[in-house]
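Build me a model from this:
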Amino acid sequence: MCGIVGIFDTQGSRAIDRDLLHRMNESQFHRGPVEGDLHLEPGLGFGHRRLSIIALEAGLQPLFNEDETLALVFNGEIYNFRELRAELQGLGHVFRTPSDSETIVHAYEQWGEACVGHLRGMFAFAIWDRPNQTLFLARDRIGIKPMHYALLEDGMFAFGSELKSLLTLPGLKREIDPLAVEEYFAYGYVPEPRTIFSGARKLLPGHTLTLRVGQPVPESKQYWDVPFTAHAPMSENAMEEELVARLREAVQSHLISDVPLGAFLSGGVDSSAVVAMMAGVSDGPVNTCSIAFNDPAFDESDYARQVAVQYKTTHQCETVDKDDYGLLDTLAALYDEPYADSSAIPTYRVCQLARKRVTVALSGDGGDENFAGYRRHRMAMGENRVRSMLPLAVRKPIFGVLGAVYPKADWAPRVFRAKTTFEALARDLTEGYFHGVSINNDRIRSQLFSSGFKQKLQGYRAVEVMRGYAKNAPTDDPLSLIQYLDMKTYLPGDILTKVDRASMAHALEVRVPLLDHQFVEWVSGLPSGSKLRNGEGKHVFKKALQPFLSDDILYRKKQGFSIPLAAWLRGPLADAMRRAVLNPALLDTGIFNPAFLKQMVDEHQSAAKDHSTTLWSVLMFDAFLRKNGAAAATEPAPAIAVAA
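Numbering: from 1, shown residues only. A predicted model of the protein is given here:
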């Protein structure tokens, strides 16, 4: 697990600034504190920071083939490297190291750009093909590992694992992209391929990018997608048995390591399933860790302890103050762009705890996306059943009017918030789902933004991200479609970004066996009714796990990593919130409507309304501005295609 950077001259063979490349590389020191190195030649510079996991003494990068015509920098793990190594040796390739990194070099030698189709793992890498004067970038299928890049005005192309590596470049345009702002305040993160800055982009998951000297930078190419191809009919028992077998195999494949390895254990279904499978295939006790909160309303540690006792794990649990709000500026530095998922705080803490004992930890991320486990999946399907009864031409005027006039009951349980439901029913499935997942819906964003900023958007709405994916989705099944949208947006943009940055901040590698692409492919082909049945998500997953986990674990109410945002913003963060709203740097962007900002703060702090989600997103945007000193763009950014 590592951090990678590079600079490539798209126009020729100009000298690369070694000091600049060094600064890029050292900005990501936390990703690879064990060792680092640079490679420079005319027109190219590679940098690498290494966290040693496999082949501790032999994996130094940049790594070359035998005649040094190819050079590689790589972040991630290749889980099938031993099988690939044997196959490539049979084809005549000679290996000099036992590392998984060298497998990529020889795979590229053998199969060229198609090498990515042979790799099983999480990865972001760059290969310099000297004879063909070609730079080849690739990102794993799901988007577990990050890759950012920028084309500078002087024709230099730069890339790095984290955006902060590009922010060391004097030539990078740091103006804020208005469309990224609209997307951030809708989703709570900036979805791929945008970054918050107009001059930088993210390589999409499942994509490659090939650059050649003297040629324009092309569009990236998609090499993989979630198939959602239906399996041949099978009995429920057969489905459950195969699911467990595939889960066990995926977990076992993720256990290769030459350093201490363990697992996160929250006591939820997904992490408990991973630990159960690990215990079944491991020779000794599994190392597990969890965090507890000093408030029972937010604490799940008893459930984690149950699983730890059942599987006799070596368990570590530490208590965290529920008012652990001192990480705001730390998070802004970690994420490099606005990021509003408040569960980043406990995620940071659990990674900090895990690193005390292990260098690699397996997590249960991906279970909700695979098996329709989110509450919003159930609600979306309920709304869709109503939609199917009435055509859009009838629904839109009826429910649109009801949504406009019905009061917004923030204080009420979600099921009684009819305004949100009416607004969703007035839309088609994609827009209704977007409305449901938005942290700030269209109505809130319209009031939040200034009239001048809305003019810069030129009518652009963040729903277009989802519409782009929906248009090219490999399925027309309603539940599969919204799962697909999650896998393209929320999973890489929020969940995997959160885990990558939080873990790498502590030099911890996190692996996600539920997102093994072979497992994802198989699960995507299961019938929707096996995933969401009678209002219960993860139906087949829970049934398959009944021999391994108690009903208390499988069927308890989903809790997740929640924190008391509303209380924080009325109590210990009240002054910080007011300072953020009045911060000249925030107001000088011209993005916001100051009167509405003040109204939200007043209403929230008087407990008249709960604006905690919106205010937290503003607070994190302000923290980003203070960290980066960015200025708002003066011109609207061009629209970008979000799907291949």
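
residues contacting T288?
Going by C-beta atoms under 8 Å, 6 or more residues apart in numbering, T288 touches G262, A263, F264, L265, V275, A304, V307, A308, T313, T314, H315, Q316. All C-beta atoms are positioned from the backbone trio N, CA, C, and that covers glycine.

If we use 6 Å, what do you get?
Residues near T288 by C-beta atoms under 6 Å, 6 or more residues apart in numbering: A263, L265, V275, A308, T313, H315.

Keep only those of these that are in helices.
With helices defined by DSSP state H, the entries of these inside them are V275, A308.

got JSON lines for the contacts of T288, with pLDDT and neighbour count too?
Output for the contacts of T288, formatted as JSON lines (pLDDT from 0 to 100; neighbours: other C-beta atoms under 10 Å):
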{"residue": "A263", "pLDDT": "96", "neighbour count": "28"}
{"residue": "L265", "pLDDT": "96", "neighbour count": "33"}
{"residue": "V275", "pLDDT": "98", "neighbour count": "32"}
{"residue": "A308", "pLDDT": "97", "neighbour count": "24"}
{"residue": "T313", "pLDDT": "97", "neighbour count": "23"}
{"residue": "H315", "pLDDT": "96", "neighbour count": "21"}
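
Could you tell me the per-residue confidence at the residue nearest to I4 when sequence neighbours are not counted?
Nearest residue to I4, sequence neighbours excluded (C-beta to C-beta, 6 or more residues apart in numbering): V73, at 4.1 Å. With respect to pLDDT, V73 scores 97.

Y303 too?
Y303 is given a pLDDT of 95.

doesn't it fall inside a helix?
Yes. Y303: assigned to a helix according to DSSP: H, G, I helix; E, B strand; the rest coil.

just to revisit the earlier point, on the C-terminal side of the helix or strand in which the residue nearest to I4 is found, identify the next helix or strand.
In the assignment (DSSP states H and E), V73 maps to strand 70-78. Next along the chain after strand 70-78, taking DSSP H and E as the criterion, comes helix 81-90.

The residue nearest to R427 when sequence neighbours are not counted: helix or strand, and which one exactly?
Computed as C-beta to C-beta, 6+ apart, the closest residue to R427 that is not its neighbour in sequence is H435, at 6.1 Å. According to DSSP H and E, H435 maps onto helix 429-437.

Buried residues in that helix, which are they?
Buried residues in helix 429-437, defined by neighbour count with 16 or more other C-beta atoms under 10 Å: L429, T430, E431, G432, Y433, F434, H435, G436, V437.

Using CSV, write out the CA atom coordinates for the host helix or strand of R501.
Secondary-structure assignment from DSSP H and E places R501 in helix 497-504. Extracted in CSV, the C-alpha atoms of helix 497-504 (Å, rounded to 0.1, in the frame of the first residue of the first chain):
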residue,chain,number,x,y,z
THR,A,497,-12.7,7.8,-0.1
LYS,A,498,-13.5,8.0,3.6
VAL,A,499,-11.8,4.6,4.3
ASP,A,500,-8.8,5.3,2.1
ARG,A,501,-7.9,8.7,3.6
ALA,A,502,-8.7,7.7,7.2
SER,A,503,-6.6,4.5,7.0
MET,A,504,-3.7,6.0,5.1
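
tilt between it and strand 70-78?
Angle, helix 497-504 to strand 70-78, by axes from the mean of the first three to the mean of the last three C-alpha atoms, to 10 degrees: 100 degrees.

Work out the gap between helix 497-504 and the centre of the chain.
Helix 497-504 sits 9 Å away from the centroid of its parent chain (C-alpha atoms, centre = their mean, to the nearest Å).

Ok, stretch 340-358 next?
For stretch 340-358, the distance to the chain centre is 15 Å (C-alpha atoms, centre = their mean).

How about stretch 152-162?
Offset of stretch 152-162 from its chain centre (C-alpha atoms, centre = their mean): 22 Å.

still on that earlier bit, please report how far the residue nearest to R427 lies from P492.
21 Å (C-beta to C-beta, to the nearest Å).

now do W111
Taken as C-beta to C-beta, the span from W111 to P492 is 25 Å.

one step back: after the helix holding R501, next one along is what?
Assigned by DSSP H and E, the successor of helix 497-504 is strand 509-511.

For that next one, which helices and strands make contact with it?
strand 360-362 (3 or more C-beta pairs under 6 Å, 6 or more residues apart in numbering; DSSP states H and E).

Check which helices and strands the helix holding R501 sits against.
Packed next to helix 497-504, using 3+ C-beta pairs under 6 Å, 6+ apart, are helix 344-354.

what angle do the helix it packs on and helix 497-504 make?
Going by the same axes, to 10 degrees, helix 344-354 makes 30 degrees with helix 497-504.

Please put the alpha-carbon coordinates of helix 344-354 into CSV.
Output of helix 344-354 as CSV, limited to C-alpha atoms (Å, rounded to 0.1, in the frame of the first residue of the first chain):
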residue,chain,number,x,y,z
ALA,A,344,-15.3,10.2,8.9
ILE,A,345,-14.7,11.1,12.5
PRO,A,346,-15.3,7.6,14.1
THR,A,347,-13.7,6.0,11.0
TYR,A,348,-10.5,8.0,11.6
ARG,A,349,-10.5,6.8,15.2
VAL,A,350,-11.1,3.1,14.5
CYS,A,351,-8.2,3.2,11.9
GLN,A,352,-6.0,4.9,14.6
LEU,A,353,-6.9,2.1,17.0
ALA,A,354,-6.3,-0.7,14.5
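
Other residues contacting it?
Outside helix 344-354, the residues touching it (C-beta under 6 Å, 6+ apart) are 289, 291, 318, 320, 324, 327, 331, 361, 498, 502-503, 506, 508, 561, 563.

Need the worst-confidence member of those.
When those are compared by pLDDT, F561 scores lowest at 64.

how close does the residue nearest to P33 when sequence neighbours are not counted get to V360?
Among residues not flanking P33 along the chain, A507 sits closest, at 5.3 Å (C-beta to C-beta, 6+ apart). A507 sits at a distance of 11 Å from V360 (criterion: C-beta to C-beta).

ditto for Q310
23 Å.

How about the contacts made by the closest residue to L203 other than its chain neighbours?
Spatial nearest neighbour of L203, excluding adjacent residues (C-beta to C-beta, 6+ apart): M147 at 4.1 Å. By C-beta under 6 Å, 6+ apart, the residues touching M147 are A124, R139, L203.

How many residues are close by the last one?
Residue crowding around L203 was assessed by other C-beta atoms under 10 Å; the count is 21.

same deal with the second one?
Residue neighbour count, defined by other C-beta under 10 Å, stands at 29 for R139.

mind listing what it touches?
Applying C-beta under 6 Å, 6+ apart, the residues near R139 are A124, M147, L203, P205, H207.

ok, the closest residue to the last one other than its chain neighbours - how many residues close by?
Of all residues beyond its chain neighbours, the one nearest H207 is S220 (4.2 Å), with distances taken as C-beta to C-beta, 6+ apart. Summarising burial for S220: neighbours were counted as other C-beta under 10 Å, giving 21.

same check, this time on the one 5 residues further on
The criterion is other C-beta under 10 Å. On that basis, D225 has 20 neighbouring residues.

Which of the helices and strands in the chain ranks last by mean pLDDT?
When the helices and strands of the chain are compared on mean pLDDT, DSSP states H and E, helix 392-405 comes out lowest with a mean of 51.
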